[in-house]
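# fold the following, please.
(one chain, ligands or ions: 1)
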Amino acid sequence: MATFYSQVPSVSSVFSLYTTFSAITMLLRTILNEVVPKGIREYITVKLVDYFSSYFQSDFTFVIEQHWGEYVENQTFRAAQVYLPTRLAGLSTGKLLVGSNNLKNPTAQPNLGIPVDTKIMDEFERIHLEWTLHNVKSKGRREKRYFHLTCKEFREKIMAGYFAYVTKSAEEIMRHRENLQIFTYNKEDSDWESAIFEHHTTFETLAIEPDLKTTLIDDLDAFSKGKDFFRSVGRAWKRGYLLYGPPGTGKSSMVAAIANHMKYNIYDLQIQSVKDDGELREILTSTTNRSILLIEDIDCGSDASRKRHTKEKEEDDDDSKKGKNKYEDGCGEEKIIIFTTNHKEMLDPALLRPGRMDVHILMDYCTPLVFNKLVSLYLKIDGHILCDSIEKLVLDVNTTPAEITQQLMASKDADIALKGTIGGRLLEEYGGLILTTKNLGGGGYPIQESHRSRRRRDVGGSPRLRISVSLSDGESLWLNGENLGGSPLRRESSVDAKCNR
Ligand SMILES: Nc1ncnc2c1ncn2[C@@H]1O[C@H](COP(=O)(O)OP(=O)(O)OP(=O)(O)O)[C@@H](O)[C@H]1O
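Numbers count the residues shown, from 1 in each chain. All right, here's what the predicted structure looks like:
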């Protein structure tokens with residue numbers, strides 16, 4: 001017994017042995033890091049991973065195809081596609097697939113792509129996993145892509161935990177992705193074609209009323225966090241927006257701001273080219289989650305679409321009685337649908353019924369606030385001597401943000417740019433007088449599209465526009481210009497405004 005105790009090392013000798021061992025380990029690690037170049041170290045790691053992976057050859061394989069059913073995008077495939085590039089360090093070959101679609105920053109480090117027929121290693125709760133992307137193209141059929149995910153056992157654990165982990169990671173990556181994509185539908189291939197979405201408008205650079213901006217952002221944020229809510233009320237996790245208003249008031253810019261805020265890709269569908277509901281359903285189901293389906297100019301239609309609309313209307317009436325919406329049918333989760341139109345009054349009333357489009361947003365002519373926002377965005381100034389008068393004028397004369405931005409872009413010099421706007425031109429011509437159309441016998445004469453076209457016909461088809469202005473000395477004038485955004489205005493005649501309405 002005594003001999004045994006005498007052989008047991010003391011605490012201090014254990015501690016000193018441990019210290020020496022740690023120091024040697026650290027020294028060796030430092031030498032290894034100093035002496036063996038990084039490339040060789042990584043090569044050894046890859047080889048070791050390779051060796052062990054072939055040693056523990058997996059015997060169970062999950063097959064994850066790109067499409068689930070004939071057309072529906074398989075969300076598990078999509079999640080893997082987004083997630084796997086983060087696991088390419090464990091690649092078992094000496095090759096990497098690299099590329100970039102970053103047009104904003106062409107010198108940025110390229111991204112890693114998923115090479116075909118190449119093993120990609122991953123680990124989940126100490127389970128070793130192996131992914132391989134396969135690509136099969138058979139004659140006359142579209143390319144078939146699928147992943148093999150192999151593991152030795154633990155099938156239950158993979159089903160219960162790993163796929164959810166991959167999906168969550170992919171969502172996180174997508175939430176922070178820099179480049180969004182815009183897809184357009186190719187009828188011939190019955191598939192979407194993608195391109196980088198280059199519209200950089202955000203809610204910061206979109207000039208809209210502040211209240212509308214706050215409400216809309218809150219609505220979008222609530223939607224993106226609303227998974228449980230939508231489920232609890234038994235509704236599909238979708239939101240529909242109808243953007244309506246005259247051309248040039250920022251509907252497309254608003255779509256870009258929404259996409260950039262949500263980091264959603266856009267599927268831009270020309271509804272006129274879709275022949276029937278069956279095709280529409282196929283197209284909708286082939287869009288991915290966390291995306292925007294955009295249908296612009298919903299009021300415009302070819303003959304084909306008009307015929308379809310008549311048929312649809314009958315079906316819609318039927319569907320709406322049952323509380324159904326075909327744009328919602330079977331098209332996945334977390335999706336936004338946006339319709340735009342210049343003529344809300346021409347839309348099929350079925351589309352406007354409660355429950356169809358959740359939010360209707362009027363994109364209108366410039367207000368003083370919108371005008372000032374555009375001035376501060378484009379001219380980087382907080383105010384200008386001409387602004388007060390132009391603000392008053394935009395209340396009376398319908399001017400679109402597009403017309404204003406065009407003029408503000410004309411020069412970096414605020415004086416020149418502001419004088420180029422309709423208000424600026426009037427002010428310049430009439431020597432800084434306060435201009436208003438308010439006293440024209442009954443509350444002014446706002447110039448709307450219908451008035452414009454009637455005026456055009458009145459003057460024998462020439463594209464002239466007349467606006468009425470009362471000067472500060474009480475005199476009323478009709479001013480004549482080629483159009484609001486065009487050539488300088490000139491005095492035509494002094495007339496009684498009432499007679500000319
Ligand atoms: N509210 C706005 N804020 C900032 N810029 C705007 C706004 N509205 C229009 N613009 C400017 O005008 C251009 C045209 O606007 P946009 O295409 O968004 O209008 P639209 O309402 O979609 O027109 P259309 O109905 O003809 O498609 C934009 O590229 C942008 O520069």
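
# which residue ranges of the stretch 301-450 of the chain form helices?
Applying DSSP state H, counting those that start in this stretch to the stretch 301-450 of the chain gives helices spanning 303-321, 349-352, 368-379, 387-396, 401-408, 414-420, 422-429, 449-458.

# lowest mean pLDDT across those, which one is that?
Averaging pLDDT over each of those singles out helix 449-458 as the lowest, with a mean of 31.

# and the stretch 201-350 of the chain, which residues reach the ligand?
Within reach of the ligand by C-beta under 6 Å from any ligand atom, the stretch 201-350 of the chain has these residues: 206-208, 247-253, 342. For every residue, glycine as well, the C-beta is placed using N, CA and C.

# give me that answer again for 8 Å
201, 205-208, 243, 245-256, 296-297, 340, 342 (C-beta under 8 Å from any ligand atom).

# are any of the residues you listed buried, and if so which?
201, 206-208, 243, 245-246, 248-256, 296-297, 340, 342 (16 or more other C-beta atoms under 10 Å).

# next step: the residues you listed restricted to helices.
Counting by DSSP state H, those place 251-256 in helices.

# can you pull the contacts of the closest residue to the ligand within the stretch 151-300 of the chain?
Closest contact between the stretch 151-300 of the chain and the ligand, by C-beta to the nearest ligand atom, is at G250 (2.7 Å). Applying C-beta atoms under 8 Å, 6 or more residues apart in numbering to G250 gives the contacts 206-208, 363, 401-402.

# which of those residues sit farthest apart?
I208 and A402 (13.5 Å; C-beta to C-beta).

# could you dump stretch 338-347 to CSV, C-alpha only?
Extracted as CSV, the C-alpha positions of stretch 338-347 are listed here (Å, rounded to 0.1, in the frame of the first residue of the first chain):
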residue,chain,number,x,y,z
ILE,A,338,-48.2,42.7,-56.4
PHE,A,339,-50.5,44.0,-59.1
THR,A,340,-50.0,47.3,-60.7
THR,A,341,-52.4,49.3,-62.8
ASN,A,342,-52.8,52.8,-64.2
HIS,A,343,-56.5,52.4,-64.3
LYS,A,344,-58.0,50.9,-61.1
GLU,A,345,-61.5,51.7,-62.4
MET,A,346,-60.9,49.4,-65.3
LEU,A,347,-60.1,46.3,-63.2
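
# in that stretch, what counts as buried?
338-342, 344, 347.

# again, but for stretch 231-238
236-238.

# looking at those, which one is closest to D189?
Among the buried residues of stretch 231-238, and counting by C-beta to C-beta, the member closest to D189 is K238, at 26.3 Å.

# that closest one touches K335, doesn't it?
Yes - counting by C-beta atoms under 8 Å, K335 is a contact partner of K238 at 5.0 Å.

# for the protein, what lies in contact range of the ligand?
201, 205-208, 243, 245-256, 296-297, 340, 342, 363, 370, 373-374, 377, 400-402, 405-406.

# what does the domain assignment say about this protein?
By the assignment in automatic domain parsing, the chain contains the domains 11-54, 56-95+106-176, 191-362, 368-500.

# okay, and the beta partners of L294?
D268, I338 (DSSP bridges).

# let me see the contact set for it.
Applying C-beta under 8 Å, 6+ apart, the residues near L294 are 255, 266-269, 338, 340.

# and the helices in the stretch 101-250 of the chain, which stretches?
With DSSP H, counting those that start in this stretch as the criterion, the stretch 101-250 of the chain has helices spanning 155-157, 163-175, 210-224, 227-232.

# most packed of those helices?
helix 163-175 (a mean of 16; mean count of other C-beta atoms under 10 Å).

# ok so, going back, dump the buried residues of stretch 231-238 into JSON lines; add pLDDT as well.
Listed next are the buried residues of stretch 231-238 as JSON lines, based on pLDDT from 0 to 100:
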{"residue": "A236", "pLDDT": "83"}
{"residue": "W237", "pLDDT": "88"}
{"residue": "K238", "pLDDT": "89"}
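
# which ones among those lie within strands?
K238 (DSSP state E).

# buried set for stretch 259-266?
259-262, 264-266.

# tally of neighbours for S100?
S100 is flanked by 13 other residues according to other C-beta atoms under 10 Å.

# about what we covered before: out of the buried residues of stretch 338-347, which is nearest to F147?
Using C-beta to C-beta, the buried residues of stretch 338-347 come closest to F147 at I338, 32.1 Å.

# and the closest one, how far from A259?
Separation of I338 from A259 (C-beta to C-beta, to the nearest Å) stands at 9 Å.

# find residues that contact each of these two.
Going by C-beta under 8 Å, 6+ apart, residues that sit against I338 and also against A259 are I292.

# how about CSV for the helices of the stretch 101-250 of the chain, with mean pLDDT added?
Output for the helices of the stretch 101-250 of the chain, formatted as CSV (pLDDT from 0 to 100):
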stretch, mean pLDDT
helix 155-157, 82
helix 163-175, 89
helix 210-224, 94
helix 227-232, 87
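
# looking at these, which is closest to L32?
helix 163-175 (31.5 Å).

# just the angle between that closest one and helix 210-224, please?
160 degrees (axes from the mean of the first three to the mean of the last three C-alpha atoms, to 10 degrees).

# show me what helix 163-175 is packed against.
In terms of contacts (3 or more C-beta pairs under 8 Å, 6 or more residues apart in numbering; DSSP states H and E), helix 163-175 is packed against helix 75-83.

# now do the buried residues in the helix it packs on.
Per 16+ other C-beta under 10 Å, helix 75-83 contains these buried residues: 75-83.

# need the contact partners of the following helix or strand past it.
Of the helices and strands lying after helix 75-83 in sequence (DSSP states H and E), the nearest is strand 97-99. Where contact means C-beta under 8 Å, 6+ apart, the residues beyond strand 97-99 that reach it are 110-115.

# out of these, which sit inside strands?
111-113.

# just the buried residues from those, in ChimeraX please.
In ChimeraX, a selection of the buried entries from the ones in strands among the contacts of strand 97-99 looks like this (16+ other C-beta under 10 Å):
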select :112
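
# min pLDDT across the ones in strands among the contacts of strand 97-99, which one?
N111 (76).

# compute the inter-axis angle for the strand with the most length in the chain and helix 163-175.
Using DSSP E to define each element, the chain has its longest strand at strand 127-136. Comparing the axes of strand 127-136 and helix 163-175 via the same axes, to 10 degrees yields an angle of 70 degrees.
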